[in-house]
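**Q** Return a 3D structure for these sequence lines:
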Amino acid sequence: MQQMILNFTEEKKLSLQENWGEGSYLDRLNRCLVGDLNFQDNSTDFHPAHKIHSFPAKFPPQLPRKFILALTQPGDIVLDTMVGSGTSLFEAYLLGRKAIGVDIDPLAILLSKVKERNYSVTSLHTIAGQILTNALNAISSSPEMVFSSRSKIFDIKTCDFLDYWFSKDVQVELLALLSEINKIEDHSISDFFKLVFSSVIITKTGGVSLAIDLAHTRPHRARTIFSKDGQLILGEDNDSENKKHLTKKLRSPLAEFKKKYESNIKGVLNYSPNNAFPILSYGNAQALPIETNSVDLIVTSPPYASNAIDYMRAHKFSLVWFGYPIGELTQKRKTYIGSEGTYNGCSVELPDNVEHVIARVNKKSKTKSVSLHRYYSEMSLALDEMYRVLKPGKASVVVVGNSTLAGEDAKVEECLIAIGKKSGFEIPKVGIRQLDRNRRMLPAGTNRDATSQIQQRMHEEYVIGFYKPE
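**A** Numbers count the residues shown, from 1 in each chain. Predicted coordinates for the structure are as follows:
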């Protein structure tokens, strides 16, 4: 991939109250890291664009905003090396910074693009009406013809996937909607409606699919399914409390699309603040397409080790509809940092304490130890890249959760600190933030369960300051 050219046009800066504050850069970094990082008392203090699509383990907008305001000035370059839902990029954009993002996940790129584009609400209203009207007419005219169109779009394995996770009636409505969206010539507008389309599938309750829960990334197929009019079509009609979470009533994609559109339209940018729009690149955090010594601040959040939050397992429910064969997505999943796959194409020498942690896990599970070795090797390359692209005297703020593998603490904070020092960073402070489980969409219940490895590692996370010395 060619290096990204960082030549931005001069733009009028937003008139905002900055808290650049007194003291050295390191003083300001340390004050941020030891301050309140929970942000649970001001959860409504963010732009509605952050709510236009479910995404697992999003950090609150106030977190990147805090570091951006304290450590950069308008016009500075802010980078997120693993974009996710685009929170850091969007906050940097709103604050008049030059935002750059890289991610390997196609849905993450789509979400970030839509959040950071400028739309005409009038045009979107007109096109939304056309999509719904034409889709309904196609279904009313010949639902079988609509359904038969999928053989021209999807391969056999993908069709099998769709048949397992989506009822035929739901597929017909989704195909009709997708056909209309694909007719839109303006890619920025079609991207917006693709994201609306995706948001009717990936939701806390699994949306219009037969999955119980896709926002939490570990979907299970419902055991009892009712039609839209309440008729039992699969399983047994059992209303016991312990089986309610395995029961699902089908929804109309057309009706859900209309509701999601009306909700998402509140989050689009329909003004021109004269800021430079973020630059988004599909790529890998281990080989950034960015110039050396060019970035003023990095704020990012890597995946959990050993695929504790499996983004692709959920995202494929939308991506298959956009033309990605299910087999291709399965292979792509193996390339993500934190994947359980054992091969990553690299051999990295790790610090002694990191090797000791891996060795302890190996005594319990060789497979898990190999997976953990891969995770720390990939994070070593990612931290090397962060060090390379940062300007001297600047910092990378990395928000990361801990993991437990085979009953052993992966000691992610300690290991990443050691790896970061090996890359050349200094680590002045480490902040800790408590997770608000009602908003983070994590794959575990609210109450602590000492027997649950997932819950053991997902009640707090670390905010590590990696400082590149001058």
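
**Q** Going by C-alpha atoms from here, please, whenever you check contacts or count neighbours.
**A** Will do.

**Q** I'd like the average pLDDT over stretch 313-332.
**A** Stretch 313-332 shows a mean pLDDT of 88.

**Q** residue boundaries of the strands in the stretch 101-250 of the chain?
**A** Ranges of strands within the stretch 101-250 of the chain are 224-226, 232-234, 247-249, based on DSSP state E, counting those that start in this stretch.

**Q** nearest to residue 102, of those strands?
**A** Among the strands of the stretch 101-250 of the chain, strand 247-249 comes nearest to residue 102, with 36.4 Å by C-alpha to C-alpha.

**Q** List the neighbouring strands of the closest one plus their orientation.
**A** Strand 247-249 has these partner strands in its sheet, going by DSSP bridges: strand 224-226 (parallel).

**Q** Dump the strands of the stretch 101-250 of the chain into JSON lines; add distance to residue 368, mean neighbour count and mean pLDDT as well.
**A** Formatted as JSON lines, the strands of the stretch 101-250 of the chain follow (distance: least, C-alpha to C-alpha, whole Å; neighbours: other C-alpha atoms under 10 Å; pLDDT from 0 to 100):
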{"stretch": "strand 224-226", "distance to residue 368": "34", "mean neighbour count": "20", "mean pLDDT": "85"}
{"stretch": "strand 232-234", "distance to residue 368": "37", "mean neighbour count": "14", "mean pLDDT": "80"}
{"stretch": "strand 247-249", "distance to residue 368": "33", "mean neighbour count": "22", "mean pLDDT": "84"}
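
**Q** out of those strands, nearest to residue 55?
**A** Smallest distance to residue 55 across the strands of the stretch 101-250 of the chain (C-alpha to C-alpha): 21.3 Å, for strand 247-249.

**Q** following the strand ranked longest in the chain, which helix or strand comes up?
**A** Counting by DSSP state E, the longest strand found in the chain is strand 390-401. Using DSSP states H and E, the helix or strand that follows strand 390-401 towards the C-terminus is strand 404-405.

**Q** helices and strands around that next one, which ones?
**A** Packing partners of strand 404-405 (3 or more C-alpha pairs under 8 Å, 6 or more residues apart in numbering; DSSP states H and E): helix 453-456.

**Q** Following element in sequence after the helix it packs on, please.
**A** strand 460-467.

**Q** what angle do that following strand and strand 390-401 make?
**A** If you take axes from the mean of the first three to the mean of the last three C-alpha atoms, to 10 degrees, strand 460-467 sits at 170 degrees to strand 390-401.

**Q** Tell me the buried residues in strand 460-467?
**A** Residues of strand 460-467 classed as buried by neighbour count (16 or more other C-alpha atoms under 10 Å): 460-467.

**Q** Please compute how far stretch 76-96 lies from its chain's middle.
**A** On the basis of C-alpha atoms, centre = their mean, to the nearest Å, stretch 76-96 sits 13 Å off its chain's mean C-alpha point.

**Q** ok, now stretch 226-234?
**A** How far stretch 226-234 lies from its chain's middle: 33 Å, per C-alpha atoms, centre = their mean.

**Q** contact partners of that stretch?
**A** For stretch 226-234, the surrounding residues in contact (C-alpha atoms under 8 Å, 6 or more residues apart in numbering) are 223-225, 248-252.

**Q** Tabulate the residues you listed in a markdown table, adding columns for distance to residue 36.
**A** Conversion of the contacts of stretch 226-234 to a markdown table gives the following (distance: C-alpha to C-alpha, whole Å):
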| residue | distance to residue 36 |
| --- | --- |
| 223 | 43 |
| 224 | 44 |
| 225 | 44 |
| 248 | 40 |
| 249 | 41 |
| 250 | 42 |
| 251 | 41 |
| 252 | 43 |
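
**Q** Can you tell me which residue sits nearest the middle of the protein?
**A** residue 84 (3.0 Å; C-alpha atoms, centre = their mean).

**Q** and the residue lying closest to that residue once chain neighbours are set aside, how far is that from residue 96?
**A** Nearest non-adjacent residue to residue 84, counting by C-alpha to C-alpha, 6 or more residues apart in numbering: residue 108, 5.1 Å away. Look at residue 108 and residue 96: by C-alpha to C-alpha, to the nearest Å, they are 22 Å apart.

**Q** Neighbours of residue 37, how many?
**A** If you count neighbours by other C-alpha atoms under 10 Å, residue 37 ends up with 19.

**Q** Look up the closest residue to it, ignoring the ones flanking it.
**A** residue 433 (5.2 Å).

**Q** who's in contact with that neighbour?
**A** Each residue near residue 433 by C-alpha under 8 Å, 6+ apart is listed here: 36-38, 460-463.

**Q** what angle do the helix or strand where it lies and strand 460-467 make?
**A** In the assignment (DSSP H and E), residue 433 maps to strand 430-434. When the same axes, to 10 degrees is applied, the directions of strand 430-434 and strand 460-467 differ by 160 degrees.

**Q** So what are the sheet partners of strand 430-434 and their directions?
**A** With DSSP bridges as the test, strand 430-434 is paired with strand 460-467 (antiparallel).

**Q** List of residues touching the partner strand?
**A** Outside strand 460-467, the residues that touch it by C-alpha under 8 Å, 6+ apart are 29, 33, 393-402, 413, 417, 420, 425-435.

**Q** distance of the residue nearest to residue 247 when sequence neighbours are not counted from residue 230?
**A** Take residue 247 and drop its neighbours on the chain: the residue closest to it by C-alpha to C-alpha, 6+ apart is residue 224, 4.7 Å away. Computed as C-alpha to C-alpha, the residue 224 to residue 230 distance reads 12 Å.

**Q** Over to residue 328?
**A** 36 Å.

**Q** for residue 284, same thing?
**A** Separation of residue 284 from residue 230 (C-alpha to C-alpha) stands at 46 Å.

**Q** Equivalent analysis for residue 175, please.
**A** Residue 175 is 23 Å from residue 230, where distance means C-alpha to C-alpha.

**Q** neighbour-wise, which of those two wins?
**A** Using other C-alpha under 10 Å, the more surrounded residue of residue 175 and residue 230 is residue 175, with 23 against 10.

**Q** Go ahead and confirm that one touches residue 147.
**A** Yes - counting by C-alpha atoms under 8 Å, residue 147 is a contact partner of residue 175 at 7.0 Å.

**Q** Could you measure from the residue of the chain most remote from its centre over to residue 176?
**A** No residue in the chain has its C-alpha farther from the mean C-alpha position than residue 141, which lies at 38.3 Å (C-alpha atoms, centre = their mean). Going from residue 141 to residue 176 by C-alpha to C-alpha gives 11 Å.

**Q** next one: residue 305
**A** Taken as C-alpha to C-alpha, the span from residue 305 to residue 176 is 39 Å.

**Q** okay, now residue 352: neighbour count?
**A** Count around residue 352 with other C-alpha under 10 Å applied: 12.

**Q** try residue 266
**A** By other C-alpha under 10 Å, 15 other residues sit near residue 266.

**Q** any idea what sits nearest it, other than its immediate chain neighbours?
**A** Excluding its sequence neighbours, the residue lying closest to residue 266 (C-alpha to C-alpha, 6+ apart) is residue 48, at 6.6 Å.

**Q** List the residues that contact that neighbour.
**A** Contacts for residue 48 were tallied using C-alpha under 8 Å, 6+ apart; they are 266-268.

**Q** now swap in residue 415 and tell me
**A** Shown in contact with residue 415 (C-alpha under 8 Å, 6+ apart): 353-354, 376.

**Q** Any chance of a markdown table for the residues you listed, columns distance to residue 159 and pLDDT?
**A** Formatted as a markdown table, the contacts of residue 415 follow (distance: C-alpha to C-alpha, whole Å; pLDDT from 0 to 100):
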| residue | distance to residue 159 | pLDDT |
| --- | --- | --- |
| 353 | 47 | 96 |
| 354 | 43 | 96 |
| 376 | 37 | 93 |
